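Asker: curious how this folds, go ahead:
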Amino acid sequence: MTFGTEIQILTEFGNKLNKLVKDYQNQNLSSEVKELIQKASAINPWFTSENIWYGLSYWASMLNEENLERWLDNYQKELTSIKNVGIITAGNIPFVGIHDLLCVYLSGHNAVLKTSSDDPVLTKWMISMLAEIDRSVAERFRFVERIESIDAVIATGSNNSARYFEYYFGKYPNIIRKNRNSIAIVTVDTTDDQLRRLADDVFQYFGLGCRSVSKLYLPEGFDLQRIFGAFYDWRHIIQHHRYASNYDYNRVVYLMSKEPILENGFFILRQNQALATPVSVVHYEYYSSYDVLASTIHQLREQIQCIVGAEKSLCTDDYGRAQWPAIDSYADGVDTMQFLLQL
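Answerer: Now for the predicted structure:
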């Protein structure tokens, strides 16, 4: 079987999202949509209106016939029995679980969905809009407080929650995702324009996504002032109260511990080998040769979501594209569609 009907429906869904984005840009949103966005932001202050519309714009751009056909041309839909797939979503950035839900929809299975307490609004909104186009979605997608009566599970969370997921759901076919971070490779040939685009990969969604760049690998002798100069356009981020609180706290901690840092009033550069960073902090590390860097990254690959840079032999995403992955890009490199089609 092919995905012809589903492609038509999701293309129509993409058109619907595009109209919403245009209404937002033209300041022509309905009061209902405005209230929904305000509610999502009130529950989770990290979900600013700007970030919500950025995420919605991404899906509006992805869901078109050309993208969908290219993606789904790699699969054959041969559903023998309909399964109930438990989906546990994270709540770190807006619409973070939508790709999993679209995969379940396309596979023909049902979704038993537990959203994060940080996102009780946006995921339900997206599914309700899809249900307006395909009424079967209302029956196939069920929101629950407790995951049970399932045949498989896809769960996304922290390293701690992953242990919980493995304990309770290990007996089912599963995809269980843990913490991952993203890195960027800067070379002697990296331009200031590329560094400005890299700033988007660092600061979009306040750096809270697994595709957010938290660590920079720099050639020895690289001028760090180029980083500060290129990232300056994001200085407005400090106006967000939660981000500012994190920045102030981390700055004080490092200063009191007499740890050497560089900062410019809205983010902190810290030389450290760790990939994970607190909000408002960017780690950096120098490399002596590209071969040594490639070896280092190979050893850390299971901790890395994406590698930003211009070197195609090692990098997965170009500067400025970390939060704009292709629709056939899968978290942790695990093919969700193939997993679902083989159930």
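Asker: run through the residues that contact the closest residue to residue 126 other than its chain neighbours.
Answerer: Leaving out its chain neighbours, the residue that sits closest to residue 126 by Cβ to Cβ, 6 or more residues apart in numbering is residue 98, at 5.9 Å. All C-beta atoms are positioned from the backbone trio N, CA, C, and that covers glycine. If a contact means Cβ atoms under 8 Å, 6 or more residues apart in numbering, then residue 98 has 59, 123, 126 as its contacts.
Asker: same check on residue 262?
Answerer: Contacts for residue 262 (Cβ under 8 Å, 6+ apart) come out as 224, 228, 268-270.
Asker: in helices, which of those residues appear?
Answerer: 224, 228 (DSSP state H).
Asker: for the residue nearest to residue 126, give its distance to residue 268.
Answerer: 32 Å (Cβ to Cβ, to the nearest Å).
Asker: and residue 174, by the same measure?
Answerer: Distance, residue 174 to residue 268, using Cβ to Cβ: 37 Å.
Asker: okay, those two: which has more neighbours?
Answerer: Taking neighbours as other Cβ atoms under 10 Å, residue 174 and residue 268 compare with residue 268 leading, 20 against 17.
Asker: and the contacts of stretch 268-285?
Answerer: Applying Cβ under 8 Å, 6+ apart, the set of residues contacting stretch 268-285 is 179, 181, 183, 202, 206-208, 213-218, 224, 227-228, 242-243, 246-247, 250-251, 254, 259-263, 266-267, 300, 303-304.
Asker: quick check, residue 218 in a strand?
Answerer: Yes: assessed with DSSP: H, G, I helix; E, B strand; the rest coil, residue 218 lies in a strand.
Asker: bridged to it, which residues?
Answerer: residue 286 (DSSP bridges).
Asker: so who does it touch?
Answerer: 186, 224, 284-287.
Asker: highest neighbour count among those?
Answerer: Neighbour-wise, these (other Cβ under 10 Å) top out at residue 186, 22 neighbours.
Asker: what residues are up against that residue?
Answerer: Residue 186 neighbours (Cβ under 8 Å, 6+ apart): 195, 198, 216-219, 222, 309.
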